[in-house]
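Engineer: coords please:
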Amino acid sequence: MIYTITLNPALDRTIWIDRIRDDVSNRILDEKSFAGGKSIDVSKVLKNFGVDNIALGFVGGFAGSELEGRLLNEGIHTDFIRVSGETRTNIILHEKETGRQLAFNALGQEIHPSELMQLVEQIESLPCPEVVTIGGSLPPGISPEIYRKIITMVSKCRARIVLDVDGQSLSVGIKAHPNIIKPNIHELSELVGRELKEMDEIVEAAREINQSGVELVLVSMGARGILLVANGEEYMAVPPNVKVENTIGAGDSAVAGFVYGLITGKDLKESLTYAAAAGTATTTRSGTALCQKDDFLKIVPQVKLNVLHGGD
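Structural biologist: Residues are numbered from 1 along each chain as shown. Have a look, this model is predicted:
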């Protein structure tokens with residue numbers, strides 16, 4: 001079984017307007033709500049690809065119930081810890097005239113120590129999973145140490161662990177040696193303590209993390225593609241040019257695409273190609289809707305894979 005862990009999920013309320021104007025009433029053209037959060041997005045894409053999985057994390061209040069209901073309607077299994085606070089709601093604004101996208105992300109509800117321990121006990125009692133993805137921000141009341149704790153617990157089962165977090169959460173989490181991390185260039189720069197711009201600088205930084213005990217480093221680089229560095233194998237997957245409707249969830253979709261490759265027996269090159277295709281497919285959809293398998297399959301043959309080092 002595949003488990004996804006999102007400690008700070010959200011309802012993403014997405015609003016479309018013509019253009020934001022000061023001191024006037026800005027009319028909403030359309031609005032939709034989506035269940036959001038990094039690993040929840042992974043769950044949704046995997047389900048779109050026909051892969052069953054179980055979403056874990058914290059939910060609370062009316063917004064938490066709505067989030068669970070939306071996932072249920074999408075056929076996604078959940079086993080969330082119910083908490084006393086209210087699940088956060090994020091606001092995403094799309095300006096149709098300019099194509100500009102503005103995201104306002106809430107902090108989230110505070111998690112009490114007793115609620116945190118419910119999650120720890122739940123994860124300790126899980127049957128050994130095949131893959132665990134962990135992603136997203138931390139809600140108030142939780143230390144980044146929780147990521148190290150989760151990775152240590154899950155590692156006992158020899159599951160493949162994907163960590164997609166940033167800042168202190170990433171620097172603490174990698175001390176437990178997850179199998180895979182997926183920073184973007186900014187997050188990787190912060191992790192190694194220097195600004196990264198050129199490709200050789202990015203590759204070298206990824207090598208450092210790889211050599212420190214992280215089996216595989218994926219670096220998402222937007223339209224430039226995704227870099228993979230893993231024990232002497234280095235590849236770059238470059239997606240085709242597409243009309244971008246939205247960028248939210250693209251990185252999470254890339255994680256799902258890579259996991260989909262791994263669990264279907266693909267090698268690293270093919271799995272990386274799947275990651276680039278899934279992330280790109282999501283950018284072609286409006287709002288925070290995520291890629292569908294048909295979109296993904298059309299893009300896969302258009303991804304260009306460059307071998308930087310190693311491989312056949």
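
Engineer: please look at residue 84 and residue 60 and confirm they touch.
Structural biologist: Yes. In this structure residue 84 lies within contact range of residue 60 using Cβ atoms under 8 Å: 6.3 Å. Where C-beta positions appear, they are placed from N, C-alpha and C, glycine not excepted.

Engineer: okay, these two: which has more neighbours?
Structural biologist: residue 60 (23 against 12; other Cβ atoms under 10 Å).

Engineer: and the more buried one, backbone torsions?
Structural biologist: For residue 60, the backbone dihedrals are phi -160, psi 150 (criterion: degrees, to the nearest 10).

Engineer: can you tell me which residues contact it?
Structural biologist: The neighbourhood of residue 60, defined by Cβ atoms under 8 Å, 6 or more residues apart in numbering, consists of 82-87, 109.

Engineer: which of those fall within helices?
Structural biologist: Judged by DSSP state H, helices contain none of these.

Engineer: most neighbours out of these, which is it?
Structural biologist: Neighbour counts for these peak at residue 87, which has 28 neighbours (criterion: other Cβ under 10 Å).

Engineer: residue 66 in helix, strand or coil?
Structural biologist: Under DSSP: H, G, I helix; E, B strand; the rest coil, residue 66 falls in the helix class.

Engineer: wait, it sits on residue 11?
Structural biologist: Yes. If you go by Cβ under 8 Å, residue 66 and residue 11 touch, sitting 6.2 Å apart.

Engineer: these two: who's more crowded?
Structural biologist: Ranked by neighbour count (other Cβ under 10 Å), residue 66 and residue 11 place residue 11 first, with 22 against 16.

Engineer: does that one have beta-bridge partners, and which?
Structural biologist: Taking DSSP bridges as the rule, residue 11 bridges to residue 35, residue 89.

Engineer: check it and give its pLDDT.
Structural biologist: Predicted confidence (pLDDT) for residue 11: 94.

Engineer: repeat that for residue 241.
Structural biologist: 87.

Engineer: how would you label it: helix, strand or coil?
Structural biologist: Quick answer, by three-state DSSP: residue 241 is coil.

Engineer: neighbours of it, how many?
Structural biologist: Residues lying near residue 241 (other Cβ under 10 Å) number 9.

Engineer: show me what contacts it?
Structural biologist: For residue 241, counting by Cβ under 8 Å, 6+ apart, the contacting residues are residue 223.

Engineer: and if you look at residue 237?
Structural biologist: Contacts of residue 237 (Cβ under 8 Å, 6+ apart): 225-226, 228, 272-273, 275-276, 303-306.

Engineer: for the contacts of residue 60, which one is nearest residue 293?
Structural biologist: Looking at the contacts of residue 60 and their distance to residue 293, the nearest is residue 87, at 28.3 Å (Cβ to Cβ).
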